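A.B. asks: Need a 3D model of the sequence below.
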Amino acid sequence: MSSTNWEVDNLRIGFVDIPGWGDNSGLHQQAKNMAAIETFLSAHSQLGRPAPKCYPNVVMIIASGNDNRADGPQSDFVIMLNAIKRFGIIDRRRHNVVIVMTHTMPDIHEIPVKKEMYQRLCTKVFGFEPPFVYIENKYHEANYNFEREKDWTIIPDEMKTKQPYNVFKCMMDQMRGNEDEVGVEAVRLFFSREDKTVPA
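C.D. replies: Sure, this is the predicted structure:
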């Protein structure tokens, strides 16, 4: 990507999708997922343990609003957090974690409770409280009655949250708070289009 702000024409952005944890695929598949992550980190020696030279700009922790067993020291969610911590990709100085909760509906009134739980669990493992945002995967279902505004759908909460813009904004705010202006520029360019600019 080319950036006139930074006067560079080779600005690049990479997304790394780590396989799901505790998704009923079994211990064998989970072990294969771990091995795949280790292989990836080995091929990118600046990331991860034992002594990372740099960290990902943003690490999104995907949590499910349907998970009623996340709160516990042996839950799949907590085991996943500890595994991510061991990979050495969490920056404890410039916090790079964002919690994204999916499957918000139909129990939208439970969002504050889920937020408190997921932030508490992440804080215990990582040593800091990450920001929290939420989306609904099945927004197109008629009984959820999601309104649309341009490219966004509106979650029927008190704030009329625009998704997935709320995720984009949270990620950008996190990087701005870390004074990560190159990351901000890369993400802005990636999510921009010829006919419109993603809101800053």
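A.B. asks: for the helix or strand hosting residue 186, packing partners?
C.D. replies: Using DSSP states H and E, the element containing residue 186 is helix 181-190. Where contact means 3 or more Cβ pairs under 8 Å, 6 or more residues apart in numbering; DSSP states H and E, helix 181-190 is packed against helix 165-177. The C-beta positions use only the backbone N, C-alpha and C, and glycine is treated the same way.
A.B. asks: Look at the nearest residue to residue 183 once chain neighbours are set aside and say how many residues are nearby.
C.D. replies: Nearest residue to residue 183 in three dimensions, chain neighbours excluded: residue 57, at 3.9 Å (Cβ to Cβ, 6 or more residues apart in numbering). Residue 57 has 20 neighbouring residues, counting by other Cβ atoms under 10 Å.
A.B. asks: so residue 57 sits right up against residue 175, yeah?
C.D. replies: Yes - using Cβ atoms under 8 Å, residue 57 makes contact with residue 175 at a distance of 5.8 Å.
A.B. asks: which neighbours do these two share?
C.D. replies: 183, 187 (Cβ atoms under 8 Å, 6 or more residues apart in numbering).
A.B. asks: which ones are touching the residue sitting nearest the centre point of the chain?
C.D. replies: Nearest to the geometric centre of the chain sits residue 60, at 1.9 Å (Cα atoms, centre = their mean). Listed by Cβ under 8 Å, 6+ apart, the contact partners of residue 60 are 97, 98, 99, 100, 171.
A.B. asks: Would you format those residues as TSV with secondary structure, pLDDT and distance to residue 109 included?
C.D. replies: Converted to TSV, the contacts of residue 60 look like this (DSSP: H, G, I helix; E, B strand; the rest coil; pLDDT from 0 to 100; distance: Cβ to Cβ, whole Å):
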residue	secondary structure	pLDDT	distance to residue 109
97	strand	96	26
98	strand	96	23
99	strand	96	19
100	strand	96	19
171	helix	93	26
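A.B. asks: which one of those is nearest residue 154?
C.D. replies: Relative to residue 154, the closest of these is residue 100; by Cβ to Cβ it sits at 17.6 Å.
A.B. asks: what mean pLDDT would you report for the longest helix seen in the chain?
C.D. replies: Criterion DSSP state H: the longest helix present in the chain is helix 26-43. Mean per-residue pLDDT for helix 26-43: 78.
A.B. asks: And stretch 2-17, by the same measure?
C.D. replies: Mean predicted lDDT for stretch 2-17 stands at 76.
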